[in-house]
Structure formats: structure tokens, C-alpha cells
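[1] Here you go, sequence then predicted model.
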Amino acid sequence: MLRGWATAALGEAETGIGELREGLAAYEATGAAMDRPYFLGLLADALARAGRAAEAVRTLDAALSGEDRPGFYRAELLRLRAELTGDEEAARAAVRIAREQGAVALERRATLPARNLQKAST
């Protein structure tokens, strides 16, 4: 999954998305769930890079809800969601959560200007 995300980040988004989806399916087949929100976040980032913002937001929403607890990665999931949708509440929550967790890098990342990713259509 990390290779898939890196492939997408280096410009081969569709190839990376395919690798992420394959890796996620294999991970889920083991019955593991603890890191699922993190992996869904990586997939959402790759989808956003491919211009598939609405799909990325749906993926982020799945990562933020349900039985899976996003835990340490919640601030980053909210930051990316805010970036894609312009949701100011999610942006504030990302900064607040990162600060509460003492995650300085995530806090700084959440306060940086958006990467100008395509916003999801509503």
C-alpha cells in the first residue's frame, strides 16, 4: 500500500490507486482493521491526486466513521477532507486534534495553505 501511495504521489496516480486497492483488499482479507483508516487516507490522497475528489471524500468519510477508529491519523484525515471540500470545521478540528496529540508535524501541515486539489462536487 505504501508503494501504491508513493507511485501515485510520483505522478502515476491510476497505477498507484490500483496497488492501494489491491493491498487494502489483501489487508482486509486477513481480518485486520486497526490501520484501515490510515490506509484509506493514503487511498483518498491518491484519488485526489488523480482528480477524483468526490471519490476521495467518500473514502475519507469511510475512514472517519464506523467501527474503525482513525486514532493517530484523524487529524490528517480531517485536514485532507477540509482541503478537498473547503470544510472549515474539519480544518479547525484537524489543527485541534493534532495539537491535543502533540503531533507538531500534523499540526503544521493542517495550518498550511491547501495544495489546491480539485474540490469535490456536491
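    Yes, it's here. Since the model is a prediction, treat every value here as computed from it, not as a measurement. Numbers count the residues shown, from 1 in each chain.
[2] Show me where the protein has its strands.
    In the chain, no strands are found when defined by DSSP state E.
[3] Show me the shaky parts of it.
    For the chain, the stretches with pLDDT under 70 are 66-70, 113-122.
[4] center of it - which residue?
    Residue closest to the mean C-alpha point of the chain, counted by C-alpha atoms, centre = their mean, is residue 41 at 2.5 Å.
[5] Now that one: closest residue in space, sequence neighbours ignored.
    Spatial nearest neighbour of residue 41, chain neighbours left out: residue 77 (5.1 Å); criterion: C-beta to C-beta, 6 or more residues apart in numbering. C-beta coordinates here come from the backbone N, C-alpha and C atoms, glycine included.
[6] how close does that neighbour sit to residue 31?
    The gap separating residue 77 from residue 31 is 22 Å, by C-beta to C-beta, to the nearest Å.
[7] Neighbour count for those two, which is higher?
    More neighbours surround residue 77 than the other of residue 77 and residue 31, with 25 against 6 (other C-beta atoms under 10 Å).
[8] biggest helix in the protein by residues?
    If you go by DSSP state H, the chain has its longest helix at helix 13-29.
[9] Which elements pack onto that helix?
    When contacts are defined as 3 or more C-beta pairs under 8 Å, 6 or more residues apart in numbering; DSSP states H and E, helix 13-29 sits against helix 2-9, helix 36-49.
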